[in-house]
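Novice: Pasting the sequence and the predicted model now:
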Amino acid sequence: MRPTVLDMAVPLRSRVPGAARAEVRRWGDRSVVWVEVSGEVHKGALSNEASSIIEAGARTAVEEQIPLVAVIASSGADIAEGMSALHGWGLAARALTDCSGKVPTIMIVDGPAVSGPALLLGIVDHVVMTERSYAFVSGPTMVTEFTGVVIDNDELGGAVAHARHTGAASLVAPDLESAIAAVEQLLSYLPDNSDVEPPDVITDDVSERPTPEAGDRIPPSSTGSYDVRDVIRDICDDGDFFEIRSRWSANLVTGFATLDGRPVGVLANQPMVLAGTLDIPASQKGARFVAFCDAFNLPIITLVDTPGFYPGKDLEWRGMIRHGAQLVFAYGRATVPRICVILRKSYGGAYIVMDSKRMGNDLCIAWPWAELAVMGAGQAAAILQRRATPDERAAFEADYTERLLNPYVAAERGYVDAVVEPADTRRVICTALSALFDKRENLPGRKHDNSPL
């Protein structure tokens, strides 16, 4: 099935046989490279020739500096062709890797994506899976043979599994038509390539609009929960927020919006899930999102409300240090405009990781009731007042809260640029984005950094 909104197309290597087709076509007001791997032709098996079509599409996207969109339904490399098929798949993977950080790459899975083709999903920027699709490197037969566990395609690698457990799926759509519409919406926030700015969006939502309702959503209790997505919608243009990876690591919210017509990436702690703490999946999700926004010139708005990292032996043994470093590393190397808003709590190492002032953000503002400290009053009392009476501990907590848990101490020391009323948040952010529009950083020459993968 092909989109109907596309105009004239230019085929790429149209006479090459196999399951793959590629062309450059107009999609709305922009050009894209469109690649299709059809499951109706030899079950979408990727021969050397078919993989060469994917390679040609990726090379063309880089040469023409336009986005790459692929629709795939493939049973894997063509077994009958042997090593030649594997060679072709490797060339396709290399070409997609060359696209990374240069042009947006989006893949729609509308059927199986098995073995080698499944790994391509991990290379591209975003993946949209239809409800009937599934993807895995080793299928149910191999799983049963090696582990004894009987499992079906959907449970092992269905769209829900990848949306909720692996994070491989940025979005899940009911069918191909809906998936194509989702990709079109996603591309509306993105530039054609890394050398240009994202396209402005026409909006009637004025930048000076007060947003008192955003502050009203914060509960009186410092431990009360709320949906941070409501705060995001209050601040952004027309209440529109395009969330991605919503089911994976829901304690961190990521997505796209516009402010005064300018596309931005928004990253926020979600107090409704794990109290907004950071764990391994959240660090990975945030790092990937920050890196993507930085690659394609999207300013990053970070909304902070977290008591810190989620504690636990299992988490530490699985590499919390390494994975937590991914998020701080992504922020540390980002050169796009970065604005941090501390909504409520910002404690400990998570304060640093969530784009703190000393991490190099361009503007750090806090709401009047924000709490910035190494830890909360209760935690501090548990350490410093272990032998105190309940009354002494209560007095300590009250004094600690009054003296240290407020944004004015941080503002005096330069860790917060301004304490802002919630009603003024949208205006302040929009003004900052206007001032930072032409921000540029000269980076030192090097082959590449060594990201803590």
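Specialist: Received the coordinates, thanks. Numbering: from 1, shown residues only.

Novice: ok, so what distance separates the most centrally placed residue in the chain from Gly255?
Specialist: Closest to where the C-alpha atoms of the chain average out (Cα atoms, centre = their mean) is Phe289, at 3.1 Å. Here the criterion is Cβ to Cβ, to the nearest Å. By it, Phe289 lies 9 Å from Gly255. C-betas here are computed from N, CA, C, even on glycine.

Novice: what's the answer for Val231, then?
Specialist: Val231 sits at a distance of 13 Å from Gly255 (criterion: Cβ to Cβ).

Novice: More neighbours: the two, which one.
Specialist: More neighbours surround Val231 than the other of Val231 and Gly255, with 27 against 22 (other Cβ atoms under 10 Å).

Novice: Mind pulling the model confidence for the more buried one?
Specialist: Among the per-residue scores, Val231 holds a pLDDT of 98.

Novice: try Ala295
Specialist: We have a pLDDT of 96 for Ala295.

Novice: same question, Ala9
Specialist: For Ala9, the pLDDT comes out at 84.

Novice: cool, and Arg344?
Specialist: 93.

Novice: quick one: secondary structure of it?
Specialist: Per DSSP: H, G, I helix; E, B strand; the rest coil, the secondary structure class of Arg344 is strand.

Novice: And for it, the neighbour number?
Specialist: Other residues lying near Arg344 total 23 when counted by other Cβ under 10 Å.

Novice: same deal with Gln284?
Specialist: Neighbours of Gln284 under the rule other Cβ under 10 Å: 19.

Novice: So which residues of the stretch 251-400 of the chain form helices?
Specialist: 280-295, 313-317, 320-333, 348-353, 377-384, 390-403 (DSSP state H, counting those that start in this stretch).

Novice: which of the ones you listed has the lowest average pLDDT?
Specialist: Least confident of these, judged by mean pLDDT, is helix 377-384 with a mean of 64.

Novice: For this structure, which residues score under the pLDDT cut-off?
Specialist: Under the criterion pLDDT under 70, the flagged ranges of the chain are 1-7, 374-384, 386, 391-392, 395-404.

Novice: can I see the domain layout of it?
Specialist: With domains defined by automatic domain parsing, the chain comprises 6-187, 212-370+406-435.

Novice: so which of those gets nearest Pro199?
Specialist: When the domains of the chain are compared by Cβ to Cβ, domain 212-370+406-435 sits nearest Pro199, at 7.4 Å.

Novice: mind checking how far the closest one is from the chain centre?
Specialist: Mean C-alpha position of domain 212-370+406-435 versus that of the full chain (Cα atoms, centre = their mean, to the nearest Å) differs by 13 Å.

Novice: Please shift the residue numbers so they start at 848 in all later answers.
Specialist: I'll keep to 848 as the first residue from here, and by that count the last item is domain 1059-1217+1253-1282.

Novice: ok, back up a step: can you redo the domains of the chain as TSV with distance to Thr1236?
Specialist: Shown next, in TSV, are those (distance: least, Cβ to Cβ, whole Å):
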stretch	distance to Thr1236
domain 853-1034	47
domain 1059-1217+1253-1282	23
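
Novice: how many neighbours does Glu870 have?
Specialist: Neighbouring residues of Glu870 were enumerated by other Cβ under 10 Å; the total is 20.

Novice: so it touches Pro858, yeah?
Specialist: Yes - judged on Cβ atoms under 8 Å, Glu870 makes contact with Pro858 at a distance of 4.6 Å.

Novice: For the residue nearest to Asp972 when sequence neighbours are not counted, give me phi and psi.
Specialist: Once flanking residues are discounted, Asp972 sits nearest to Thr952: 5.0 Å by Cβ to Cβ, 6 or more residues apart in numbering. Note on Thr952: backbone dihedrals following degrees, to the nearest 10 are phi -130, psi 130.

Novice: any idea how far Thr952 lies from Glu870?
Specialist: From Thr952 across to Glu870, the span is 16 Å (Cβ to Cβ).

Novice: again with Ser1017
Specialist: In this structure, Ser1017 lies at 24 Å from Glu870, with Cβ to Cβ as the measure.

Novice: count of residues packed around Lys1160?
Specialist: Applying other Cβ under 10 Å, we find 7 residues neighbouring Lys1160.

Novice: That should have said Pro1067, apologies.
Specialist: Here the number of neighbours of Pro1067 (other Cβ under 10 Å) works out to 6.

Novice: pretty sure it belongs to a helix, no?
Specialist: No - counting by three-state DSSP, Pro1067 is not found in a helix; it is coil.

Novice: measure it to Trp1216 for me?
Specialist: Distance of Pro1067 to Trp1216, computed by Cβ to Cβ: 9 Å.

Novice: What of Arg872?
Specialist: Counting by Cβ to Cβ, the gap from Arg872 to Trp1216 is 52 Å.

Novice: residues in contact with Leu893?
Specialist: Listed by Cβ atoms under 8 Å, 6 or more residues apart in numbering, the contact set of Leu893 reads 865-867, 884, 901, 921, 923-925, 932, 935-936, 939, 963-964.

Novice: returning to that earlier point: any common contacting residues for Glu870 and Pro858?
Specialist: Counting by Cβ under 8 Å, 6+ apart, Glu870 and Pro858 have no shared contacts at all.

Novice: In the stretch 948-1097 of the chain, mark out all the helices, start to finish.
Specialist: Under DSSP H, counting those that start in this stretch, the stretch 948-1097 of the chain gives helices at 963-970, 987-994, 1000-1004, 1006-1008, 1023-1034, 1059-1063, 1075-1082.

Novice: Which positions within the third one qualify as buried?
Specialist: Going by neighbour count (16 or more other Cβ atoms under 10 Å), the buried part of helix 1000-1004 is Asn1000, Leu1003, Gly1004.
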